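Asker: next input, structure requested:
(one chain, ligands or ions: 1)
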Amino acid sequence: MKITSDFLVVGSGIAGLCYALTVAKRGQVALITKRDISTTATRLAQGGIAAVSKADDSFDQHIKDTMEAGAWLPDHEIVRMVVENGPKAIEDLIKWGVNFSRKEDQSYDLTREGGHSQRRIYHSKDETGKEIERALVEAVQAHPNITIYENHVAVDLITEAKVTRRRLKPDRCLGVYVLNRELGQVGTFEAPITVLATGGAGKVYLYTCNPDIATGDGIAMAYRAGATIANMEFMQFHPTTLYHPHAKSFLISEAVRGEGAILRRSDGTAFMENYHPLKDLAPRDIVARAIDHEMKVHGDDCAFLDITHMDSEFIKDRFPHIHETCLSYGIDMTKEPIPVVPAAHYLCGGIKVDSWGETDIDNLFAIGEVSCSGLHGANRLASNSLLEGIVFAQRAAEKSLELASKPIPPCPTIDLWDSGSAKNSDEEVVVAHNWDEIRLCMWNYVGIVRSNKRLTRALRRIQLVQEEITDYYWDFLITPDLIELRNIATVAELIIRCALRRKESRGLHYNIDHLEKDDIHWNQYTLIRKTF
Ligand code: SIN
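Answerer: Numbers count the residues shown, from 1 in each chain. Now for the predicted structure:
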């Protein structure tokens, strides 16, 4: 099967959908997504989207908060550009039909989260992502120029160098090989411009609040194709996911702390004042490490998030989804503290892009969590990611339309996917076993607190698993599970290699063998690229 379009979008979260809607006015868009269109990390976002709007707030304050949370590694110019585009991003979302929560006087109800010096977060109760995804999906589904391919799993990028078997610098992206989950067949999606909006990679870790689709596919594909990858050591652990044997890492939004909740030990002692002047609203890396430390020192299985001092009607109205979900596990947050633990949440590194979302492979863009744009540095400020998604989607769309208006060199003939002599696997257990091994290894050795020894050990293990996956990959017909396994193994290796390289502790990367921040040698990105 071969599908041709003007623009090819991989992924259906905020970035992919906004991009598709913006370029669709000038061409045909093929939008592929691994499962159904709404199974995305965007849909699970609770907190909101940050943008300056109050008279007593300013772009400079939002920029400073972003730089400070990012441990001064963010790119100042990128931060300024994104922050200054914030009000327009909100306006566009409202135009696309997103309903943000309002106060009684009909002004928008702005909330606060860790690291923000102001209330500047637009939200839809505690399900902001669900509301954004709903509005954008409706707009995309109604658009005559956008064709949606659900249950289509991207396998690999098709580049000119690969097709022509020549060394090219820069290489050019021609499209993507894609597995149709229902038919079990790999087809060719060809387009002059390809956009990766595949999201993050929380599934690399045993505990994560990411959806099952977050397997780092875009990063792994771009790395295999020769794109530069940056800052993979900066995996953000969200401090508060529900600790319950039957809850699959359900997020308890930072906005709960933004509205006054306090973290306590099992004996009721509040502890964040020992770690940061902003106490419970300190940046996320500090709160996650504080919880980890308290649990280890006091032998507790979890920490407790206490908002019981607030009015119960306010809690139920402001956090209906969290309240109901906790109740379904037998926890009434209006009367008792919520047991919480940290879990992998957001990858600040990714495919290195410029201020237009362009990668170093021609005609290949990366937007949203899959990319490393320079906005987050060593730690993302809460609610800056939906903002990044829409701002970069619109800039990438603008650049794509400019590219599309110029003559594009002809595309060489692309070979159809060849499965060679691969046969159906008779040992699916190998995939399941390797998957578990990677996630456990990453959690134990490459988690919130790292050491040289643990990182080296982790690299050895992951490389062994990778050898096994490579053999398996070429011997057997590919399946969605095998594609994802290969990708999480690649992403795990990239995280470890970047973490081993950074000889300091900064933001989310905390190594007990290099405890200090080293601005002289390490105030720079960790870059990694495949050698051919
Ligand atoms: C949250 O609601 O705590 C998550 C928001 C974010 O990660 O930006």
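Asker: contacts for stretch 507-525, please.
Answerer: Stretch 507-525 is contacted by residues 69-73, 230-231, 233-237, 285, 289, 348, 352, 372, 377-379, 448-453, 455, 499, 502-506 when judged by C-beta atoms under 8 Å, 6 or more residues apart in numbering. To be clear about C-beta, it is placed using only N, CA and C from the backbone, and glycine gets the same treatment.
Asker: of all of the stretch 401-532 of the chain, which residue lies closest to the ligand?
Answerer: Going by C-beta to the nearest ligand atom, the ligand is nearest to residue 508 of the stretch 401-532 of the chain, at 12.9 Å.
Asker: how close does that residue get to residue 515?
Answerer: From residue 508 over to residue 515 the distance is 15 Å, taken as C-beta to C-beta, to the nearest Å.
Asker: quick one, which of the two is more surrounded?
Answerer: residue 508 (28 against 9; other C-beta atoms under 10 Å).
Asker: tell me what the longest helix along the chain is packed against?
Answerer: Ordering each helix of the chain by length in residues (DSSP state H) puts helix 452-475 first. Contact here means 3 or more C-beta pairs under 8 Å, 6 or more residues apart in numbering; DSSP states H and E; on that basis helix 452-475 packs against helix 428-445, helix 480-501.
Asker: low pLDDT regions in the stretch 151-300 of the chain?
Answerer: Across the stretch 151-300 of the chain, nothing is flagged by pLDDT under 70.
Asker: show me what from it comes close to the ligand.
Answerer: Selection of the stretch 151-300 of the chain residues close to the ligand by C-beta under 6 Å from any ligand atom yields 253-255.
Asker: what about those, which are in strands?
Answerer: Among those, no residue falls in strands (DSSP state E).
Asker: what's the ChimeraX syntax to select whichever of the residues you listed are buried?
Answerer: The buried residues among these can be selected in ChimeraX (16 or more other C-beta atoms under 10 Å) with this line:
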select :253,254,255
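Asker: for the stretch 51-200 of the chain, just list every one of the helices.
Answerer: 59-69, 76-84, 86-95, 128-142, 160-164 (DSSP state H, counting those that start in this stretch).
Asker: same list (the ones you listed) but as a markdown table, adding mean neighbour count.
Answerer: Shown next, in a markdown table, are the helices of the stretch 51-200 of the chain (neighbours: other C-beta atoms under 10 Å):
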| stretch | mean neighbour count |
| --- | --- |
| helix 59-69 | 19 |
| helix 76-84 | 19 |
| helix 86-95 | 17 |
| helix 128-142 | 20 |
| helix 160-164 | 17 |
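Asker: closest to residue 316 out of these?
Answerer: Smallest distance to residue 316 across the helices of the stretch 51-200 of the chain (C-beta to C-beta): 17.7 Å, for helix 128-142.
Asker: quick one: the closest one near the ligand?
Answerer: No: figure legend: helix 128-142 not in contact with the ligand (C-beta under 6 Å from any ligand atom); closest approach 7.9 Å.
Asker: ok so, going back, got the angle for the longest helix of the chain vs helix 428-445?
Answerer: Orientation check (axes from the mean of the first three to the mean of the last three C-alpha atoms, to 10 degrees): helix 452-475 against helix 428-445 gives 160 degrees.
Asker: list the buried ones in helix 452-475?
Answerer: For helix 452-475, using 16+ other C-beta under 10 Å, the buried residues are 454-455, 457-459, 461-462, 465-466, 469, 472.
Asker: ok, now stretch 209-229?
Answerer: 209-211, 213-229.
Asker: helices - which of the residues you listed land there?
Answerer: Among the buried residues of stretch 209-229, the ones falling in helices (DSSP H) are 217-225.
Asker: closest one of these to residue 29?
Answerer: Nearest member of those to residue 29, counting by C-beta to C-beta, is residue 218, at 17.3 Å.
Asker: follow-up on the earlier one: the ones in helices among the buried residues of stretch 209-229: which two are farthest apart?
Answerer: Largest pairwise distance in these, by C-beta to C-beta, is 12.4 Å, between 217 and 225.
Asker: who's in contact with residue 135?
Answerer: Per C-beta under 8 Å, 6+ apart, neighbours of residue 135: 93, 96-99.
Asker: from residue 258, how far off is the residue of the stretch 1-150 of the chain found nearest the ligand?
Answerer: When distances are taken as C-beta to the nearest ligand atom, the stretch 1-150 of the chain reaches nearest to the ligand at residue 47, 2.8 Å away. Going from residue 47 to residue 258 by C-beta to C-beta gives 8 Å.
Asker: ok so, going back, which of the contacts of residue 135 are buried? Put it as a ChimeraX command.
Answerer: Buried members of the contacts of residue 135, defined by 16+ other C-beta under 10 Å, are picked up in ChimeraX with:
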select :93,96,98
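Asker: possible to save the contacts of residue 135 as TSV with pLDDT and distance to residue 199?
Answerer: TSV is the format used below for these (pLDDT from 0 to 100; distance: C-beta to C-beta, whole Å):
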residue	pLDDT	distance to residue 199
93	97	18
96	95	20
97	96	22
98	98	19
99	98	24
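Asker: so what sits against both of residue 47 and residue 258?
Answerer: With contacts taken as C-beta under 8 Å, 6+ apart, residue 47 and residue 258 have 111, 113, 121 as neighbours in common.
Asker: now these in a markdown table, with pLDDT and neighbour count?
Answerer: Formatted as a markdown table, the shared contacts of residue 47 and residue 258 follow (pLDDT from 0 to 100; neighbours: other C-beta atoms under 10 Å):
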| residue | pLDDT | neighbour count |
| --- | --- | --- |
| 111 | 95 | 25 |
| 113 | 93 | 26 |
| 121 | 97 | 27 |
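Asker: want to throw those residues into TSV with distance to residue 492?
Answerer: Below are the shared contacts of residue 47 and residue 258 laid out as TSV (distance: C-beta to C-beta, whole Å):
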residue	distance to residue 492
111	34
113	29
121	32
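Asker: could you look up the SS state of residue 20?
Answerer: The assignment at residue 20 comes out as helix when based on DSSP: H, G, I helix; E, B strand; the rest coil.
Asker: wait, it sits on residue 29?
Answerer: Yes: at 4.9 Å, residue 20 and residue 29 qualify as touching, with contact defined as C-beta atoms under 8 Å.
Asker: any residues in contact with both of these two?
Answerer: Going by C-beta under 8 Å, 6+ apart, residues that sit against residue 20 and also against residue 29 are 7, 9, 143, 146.
Asker: give me the pLDDT for the second one.
Answerer: Residue 9 carries a pLDDT score of 99 in this model.
Asker: next one: the third one
Answerer: You'll see residue 143 listed with a pLDDT of 98.
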